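curious how this folds, go ahead:
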Amino acid sequence: MTYFKFIAFLSITAICASPFLVFGQSKKITPISQPLVSHIYTADPSAHVFNGKIYIYPSHDIEAGIKENDLGDHFDMRDYHILSMDSIGGKVTDNGVALDKKDIPWAGRQLWAPDAAYKNGVYYLYFPIKDKQDIFRIGVATSNSPVGPFKAETEPIKGSYSIDPCVFKNSDGNYYIYFGGIWGGQLQNWTNGSYDVSATLRKPNEEAIMPRVAKLNSDMKTFSEEARNIKIVDAQGNTFLESNNDKRFFEAAWMHQFKGKYYFSYSSGDTHNINYAIGNNPYGPFTYKGIVLKPVQGWTNHHSIVEIKGKWYLFYHDTQISGKTHLRNVKVTELKYNADGSIQTIEAYK
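Residues are numbered from 1 along each chain as shown. Okay, the predicted model is just below:
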């Protein structure tokens, strides 16, 4: 789940297939894909294939009636709906409410972007929500079905904080959780391992805030270690500065493997790209390689990448239906690699 300051970037805010101004001229754009569902608003899609079927774990956007601000208070989501389909382009089923805020004992407000995993007959739903002290933590809920209903643990995962969990199963069978989001996601408050209410954002010449990773225990409900920083570096091995907001991490971590390499993708700073970096192990460091997805309509960009029947797909969102930043719709398009393993950049509009 994401939130951004209002910047003068008109091509992001245009309503799809409608005229909008580009340097004083009117232009029409056409999306490369259509919303998967339109009866509810959905965002931040984490897609998985379980038992040959596609399941999408998105945020469920609603109109909460809260004034928009830079911390994302207007993104006041209260439950999750899980979508499923047998194939790309096939019928999409909304499987109803899988988990409601009122059924999470420690929850305060704002159910943001989730993810899911499967192990030994159990499905795990990982979710960020503010606790009763208004601090984001990551919780976990379980079910014997990929669509729920899910039963939440009575406490958040010990040692967890911030937002946007992504759970990755490594080729050796171990599971890792990636997470973090700046601004309203509160990652900047955790520089020293504990919550600092007085913490501020980094200055332009300071090292950028890094995402986090932790290995999960075999129970899938606890960290086996303290969360580590993930280094994203340039071709010379240097970490990015705060001012490198077209390349540095902001939120929306995702991990996948391709031909033995680890691809860490994420939403960039104020520029709203989905970027990717490649490493040799789940902890990194990850070397920045380029852009997966250019900015979409709306103020956010959040994605997942998954292989389905021998092809790769990018799940993402924009605001085609509503034209409002907090009422989004999930989409999917094919993702392609070059021979050297680099990803071909996707433009969401023609």
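
CA atoms for contacts and neighbours, from now on please.
Fine.

just give the closest residue to Arg137, not the sequence neighbours.
Tyr161 (4.2 Å; Cα to Cα, 6 or more residues apart in numbering).

the one you found contacts Phe136, correct?
Yes - applying Cα atoms under 8 Å, one finds Tyr161 in contact with Phe136, separated by 5.6 Å.

bridged to Asn275, which residues?
Asn275 has the following beta-bridge partners by DSSP bridges: Tyr266, Ile291.

quick one: the closest residue in space to Lys324 that isn't next to it in sequence from His81, how far?
Spatially, and ignoring its direct neighbours in sequence, Lys324 is nearest to Gly298 (6.7 Å; Cα to Cα, 6+ apart). Separation of Gly298 from His81 (Cα to Cα, to the nearest Å): 21 Å.

pick out whichever of the two has more residues nearby.
A side-by-side neighbour count of Gly298 and His81, using other Cα atoms under 10 Å, places Gly298 first with 27 against 21.

so what pLDDT did that one get?
With respect to pLDDT, Gly298 scores 95.

just say helix, strand or coil for it.
coil (DSSP: H, G, I helix; E, B strand; the rest coil).

isn't it up against Asp318?
Yes - Gly298 lies in contact with Asp318 (Cα under 8 Å); the separation is 6.0 Å.

isn't Ile308 right up against Phe50?
No - between Ile308 and Phe50 there is no contact under Cα under 8 Å: 10.5 Å.

ok, Thr222 - how many residues close by?
18.

shared neighbours, Gly298 and Asp318?
Residues touching both Gly298 and Asp318 (Cα atoms under 8 Å, 6 or more residues apart in numbering) are Arg328.

if we can go back for a sec, how much space between the residue nearest to Lys324 and Asp79?
From Gly298 to Asp79 the distance is 22 Å (Cα to Cα).

please identify the helix or strand for the most centrally placed residue in the chain.
Nearest to the mean C-alpha position of the chain, by Cα atoms, centre = their mean, lies Ala252 at 3.3 Å. Under the criterion of DSSP states H and E, Ala252 resides in strand 251-258.

give me the contacts around that strand.
Under Cα under 8 Å, 6+ apart, the answer for strand 251-258 is 1-2, 163-168, 178-182, 211, 262-268, 301-306, 341.

in PyMOL, how would I select just the buried ones from these?
Of the contacts of strand 251-258, the buried ones can be selected in PyMOL as follows, counting by 16 or more other Cα atoms under 10 Å:
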select buried, resi 1+2+163+164+165+166+167+168+178+179+180+181+182+211+262+263+264+265+266+267+268+301+302+303+304+305+306
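
roughly how far apart are Gln110 and Phe75?
7 Å.

actually Lys231, not the one I typed
Separation of Lys231 from Phe75 (Cα to Cα): 29 Å.

neighbour count winner among these two?
Phe75 (28 against 23).

any idea how far that one is from Arg328?
Distance, Phe75 to Arg328, using Cα to Cα: 11 Å.

overlap in contacts of those two?
Common neighbours of Phe75 and Arg328 (Cα under 8 Å, 6+ apart) are Asp61.

which parts of this protein are helices?
Counting by DSSP state H, the chain has these helices, from start to end: 10-13.

where in it is pLDDT low?
1-27 (pLDDT under 70).

apart from its neighbours in sequence, what residue is nearest the residue nearest to the centre of the chain?
Tyr266 (5.0 Å).

ok, now Lys215?
Per Cα to Cα, 6+ apart, closest to Lys215 is Tyr176, 4.3 Å.

these two touch, right, Asp234 and Phe240?
Yes - counting by Cα under 8 Å, Asp234 does reach Phe240; the two are 7.2 Å apart.

residues touching Asn217, list them.
Tyr175, Phe223, Ser224.

any of those residues buried? List them.
The neighbour-count criterion (16+ other Cα under 10 Å) marks Tyr175, Phe223 among the contacts of Asn217 as buried.
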